[in-house]
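[1] please work out how this folds:
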Amino acid sequence: MTPNRLGLVIGAGFGLVYVVVNAGALASPIGPALRVLGVVAFVGVLLALGRAGRAGPVDGAAGGGFGRGYRLVVAAEVVAVAAGNLLLNGPLDLPQGVLPWISFVVGVHFLGLAKVWDEPSLAWLGGGIAVLGALGLGLATAGASEAAVASIAGIGPGALLLAGSMWGAGHEGRRSRETPA
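    Numbers count the residues shown, from 1 in each chain. This is a model prediction of the structure:
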């Protein structure tokens, strides 16, 4: 599996987790319906990648892969998530802010990967997820309901990850059809 395909599967997998976990905060039938849609979207990404054939690495993954730049971005992400969780669950006493903080950090992580891999589409994805995380932090700080925070800072980023992975899988499929065998 190429680094690009692996990244798409990882992104779709995390998108699915975001949706499935956070849809639990929503009432029936909305929560269960979103879970089903998340699974359908994830399977759609896998099917699109299967149809794409055996194309080589494309776009940013071809140049950067999972090398030093990637490892630095992920290390910074891990430190930021851990530090934020400690502060939010400790002195700030805002445990409802943990999910939005994680989403914000994940968004910033994609901004870093956009630079490392020279892949502008990741900047759009990262910016969207970071904005949803920041909005979720604002909602958590204002005392909004768990469902509101989960929808904005959990389901929203999950949907962006799934949609971005589907777009990437479709893009890879178009590239494989354009590449001579």
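[2] what are the ranges of the helices in this structure?
    Counting by DSSP state H, one finds helices in the chain at the ranges 3-22, 30-51, 59-64, 68-89, 98-117, 120-141, 146-150, 156-178.
[3] in contact with the residue nearest the centre of the chain, which residues?
    In the chain, the residue lying closest to the centroid (Cα atoms, centre = their mean) is residue 161, at 3.9 Å. Each residue near residue 161 by Cβ atoms under 8 Å, 6 or more residues apart in numbering is listed here: 11-12, 14-15, 18, 125, 129. Using the backbone N, CA and C atoms, a C-beta is placed for each residue, glycine as well.
[4] and it, how close does it get to residue 65?
    Using Cβ to Cβ, to the nearest Å, residue 161 is found at 20 Å from residue 65.
[5] how many residues are close by residue 6?
    A count of nearby residues for residue 6, using other Cβ atoms under 10 Å, gives 14.
[6] er, residue 1 actually
    10.
[7] and the nearest residue to it once chain neighbours are set aside, how far is that from residue 118?
    Closest residue to residue 1 in three dimensions, ignoring its sequence neighbours and counting by Cβ to Cβ, 6 or more residues apart in numbering: residue 9, at 7.7 Å. Per Cβ to Cβ, residue 9 is found 21 Å from residue 118.
[8] so between those two, which is more surrounded?
    Between residue 9 and residue 118, counting by other Cβ under 10 Å, residue 9 is the more crowded of the two (17 against 13).
[9] so who does that one touch?
    When contacts are counted by Cβ under 8 Å, 6+ apart, residue 9 touches 1, 45-46, 49, 165.
[10] quick one: which of the residues you listed has the most company?
    Going by other Cβ under 10 Å, residue 165 tops those with 28 neighbours.
[11] which non-adjacent residue is nearest that one?
    Closest residue to residue 165 apart from its sequence neighbours, by Cβ to Cβ, 6+ apart: residue 12 at 3.8 Å.
[12] give me the pLDDT for the one you found.
    Residue 12 carries a pLDDT value of 97.
[13] so it sits against residue 39, correct?
    No. Contact criterion Cβ atoms under 8 Å: residue 12 and residue 39 do not qualify, at 10.7 Å.
[14] before we move on, back to that, the residue nearest to the centre of the chain and residue 32, how far apart?
    For residue 161 relative to residue 32 (Cβ to Cβ), the value is 20 Å.
[15] now swap in residue 88 and tell me
    From residue 88 across to residue 32, the span is 29 Å (Cβ to Cβ).
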